[in-house]
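Q: Turn this into a model:
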Amino acid sequence: MLPHKTLKIKKNLFYETSHSPSLADMYGEGLVDKVIDFCFIANPYYPDKRLIKKLQEKLPVLIKSYPSSNPMISKNHLAAVLHVPPESLIIGNGATELITVINSHFVDDIAIPVPTFSEYLEKLREHKTVKLYQLPPDDNYRLDLDHYAAWINEQQISAALIINPGNPTGELKSLDEMLAFLHTMKHLKMVVVDESFIDFAGKEIPSLLPHINDFSNLIIVRSMSKHCGVPGLRLGYCCSSNSLFIDQLKQFIPIWNINSVAEYFLTQLHKTDANYHKARMKVIRDVEILYAKLKDIPGFYVYKSGTNFFLIKTLCGLTAEKLQYILLEKYGAYVRDCTNKVGMDQFHIRVASQGKIKDKLLVNALKDISKMNM
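A: Alright, predicted model coming up:
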């Protein structure tokens, strides 16, 4: 346990953004290493030390160089590991850049299940264009795809969003379920499927990427911050077989939208692909261990997850906000308070595995808190 006064929180920062404030903002650079960031949904094992070293060695040259003005070069590198045609890709300055473009320029009206990733709500051209589909709290916020499809048709909506696995729930829909939904929704103008967390869903990745040619209205969005563990590089991409979608997206993406360091990282993907998949499987094993330990702690309900994070409901009388502060100030563990997510109550936190060694701190902290509040 950390001394209480060591990590006094700047609570005002939590009300100035819908996302979790960075640790550097809250404490300054000097205290960042005192806290484990369980808000951070990413791969802790990739890039490995060798790739980090290569990036460090290249940094003096890269920061003095413009990135390429030809986006096809980076697309070729990315396509080689995704096994999709490079012309089906648009690479963004993080997935959020692409979400913003799609919501601002492509969406006339859209169905969005809530709770969800807030950028899909906040970056709409007009908020009246969205119709919220409330996921049922009494059914663990589970998304029933058949009911969702029927509701979309009943509401006469032209576009739909699915995040798979869900954020913040972690709920995973199987590939067969997703394909069935897409076949049912072929009449829609657009279906956006966010697969930012799907690489942690199992040894075989149940992605829709191999099926893009079957659905001309499908746009897959993925954040590389998560599965590649590089949020600071701001890399994301979308993929579609619809050349009209891709051509229109290109019009709103500025030249040099990704920096030279990110561009160099993309050149290393194919060379390090085997290491990436080893790291991915290591994350999956850590998550299994974490779930086994969390689910037996009294006073907390842990939702089953198909990715590397868990939604946890507090049953011990603490609100998520209070629990977040206790974990930060007393234990140096930073978790996501989900209170500000549309469609969710004030008793849920989200935690992401940070590797089995660091995960022990969270498990022990929640056990302590359980003993004090049960």
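
Q: where does this structure have low pLDDT?
A: Within the chain, the stretches with pLDDT under 70 are 1-32, 374.

Q: thinking V114 is in contact with Q134, fair?
A: Yes: here V114 reaches Q134: they are 6.0 Å apart, a contact under Cβ atoms under 8 Å. In this view, the C-beta of every residue, glycine as well, is placed from N, C-alpha and C.

Q: Those two: which has the busier surroundings?
A: More crowded of V114 and Q134, by other Cβ atoms under 10 Å: V114, with 17 against 12.

Q: Let me see the contact set for that one.
A: L121, L132, Y133, Q134, L135, K341, V342, G343, M344 (Cβ atoms under 8 Å, 6 or more residues apart in numbering).

Q: Could you identify the buried members of these?
A: Neighbour counting with 16 or more other Cβ atoms under 10 Å marks L121, Y133, L135, K341, G343, M344 as buried within the contacts of V114.

Q: right, and out of those residues, which lies closest to I90?
A: I90 has its nearest neighbour among the buried ones among the contacts of V114 in L121, at 21.8 Å by Cβ to Cβ.

Q: Mind telling me what element the closest one is part of?
A: helix 119-122 (DSSP states H and E).

Q: what does that helix rub up against?
A: Helix 119-122 is contacted by residues 18, 96, 99-100, 103, 112, 114, 127, 130, 161, 163, 194, 342 when judged by Cβ under 8 Å, 6+ apart.

Q: Which of these fall in strands?
A: Per DSSP state E, strands hold the following members of the contacts of helix 119-122: I112, V114, V130, L161, I163, D194.

Q: Can you lay out those residues as TSV showing distance to I152?
A: Compiled in TSV, the ones in strands among the contacts of helix 119-122 are given as follows (distance: Cβ to Cβ, whole Å):
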residue	distance to I152
I112	11
V114	14
V130	13
L161	10
I163	16
D194	17
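
Q: where do the helices sit along the stretch 51-200 of the chain?
A: Ranges of helices within the stretch 51-200 of the chain are 71-82, 95-105, 119-122, 145-155, 175-184, based on DSSP state H, counting those that start in this stretch.

Q: Give the burial count for the nearest residue to I220 once chain neighbours are set aside, as a bare number.
A: With sequence-adjacent residues excluded and distances taken as Cβ to Cβ, 6 or more residues apart in numbering, I220 is closest to C239, at 4.6 Å. Residues near C239, counting by other Cβ under 10 Å, number 25.

Q: returning to what we had before: can you convert the helices of the stretch 51-200 of the chain into CSV and add a column each for distance to D359?
A: Formatted as CSV, the helices of the stretch 51-200 of the chain follow (distance: least, Cβ to Cβ, whole Å):
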stretch, distance to D359
helix 71-82, 28
helix 95-105, 26
helix 119-122, 27
helix 145-155, 31
helix 175-184, 28
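
Q: how about the ones you listed, which one is nearest I63?
A: helix 71-82 (17.6 Å).

Q: Run through who's touching the closest one.
A: With contact meaning Cβ under 8 Å, 6+ apart, helix 71-82 is reached by 68, 85-89, 91, 209, 237, 239, 253, 258, 263, 266-267, 269-270, 273, 276.

Q: mind running it again at 6 Å?
A: P86, L89, I91, L209, E263, L266, T267, L269, H270, D273 (Cβ atoms under 6 Å, 6 or more residues apart in numbering).

Q: which one's the longest helix in this structure?
A: Ranked by residue count, the top helix of the chain under DSSP state H comes out as helix 273-294.

Q: And the next helix or strand past it?
A: Next element after helix 273-294 (DSSP H and E): strand 300-302.

Q: could you point out which element follows that next one?
A: Next along from strand 300-302, by DSSP H and E: strand 309-314.

Q: what helices or strands is the helix or strand following that following strand leaning on?
A: For strand 309-314, the following helix or strand on the C-terminal side (DSSP H and E) is helix 320-326. Counting contacts by 3 or more Cβ pairs under 6 Å, 6 or more residues apart in numbering; DSSP states H and E, helix 320-326 is packed against strand 336-337.

Q: quick one: which of the helices of the stretch 51-200 of the chain is nearest M372?
A: That would be helix 119-122 among these, by Cβ to Cβ, at 35.9 Å.

Q: quick revisit: which of the residues in the helix holding L121 are buried?
A: E119, Y120, L121.

Q: Specify which member of those residues is nearest to V335.
A: Of all the buried residues of helix 119-122, V335 sits closest to E119, with 20.0 Å by Cβ to Cβ.

Q: Buried among the contacts of helix 71-82? Need that as a selection in ChimeraX.
A: If you want just the buried ones from the contacts of helix 71-82 in ChimeraX, going by 16+ other Cβ under 10 Å, the selection is:
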select :86,89,91,263,266,269
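
Q: Most neighbours of all the ones in strands among the contacts of helix 119-122, which one?
A: The ones in strands among the contacts of helix 119-122, ranked by neighbours (other Cβ under 10 Å): first place D194, 27 neighbours.

Q: Bridged to that residue, which residues?
A: I163, V221 (DSSP bridges).

Q: Begin at 430 from now on, thanks
A: Yes, from this point I'll number from 430; that puts the last item at D623.

Q: Which residue is the nearest non-sequential neighbour of H534?
A: Spatially, and ignoring its direct neighbours in sequence, H534 is nearest to F681 (5.8 Å; Cβ to Cβ, 6+ apart).

Q: how near is the residue sitting nearest the centre point of the chain to N737?
A: Computing the C-alpha centroid of the chain and ranking residues by Cα atoms, centre = their mean puts S625 first, at 5.0 Å. To N737, S625 is 11 Å away according to Cβ to Cβ, to the nearest Å.
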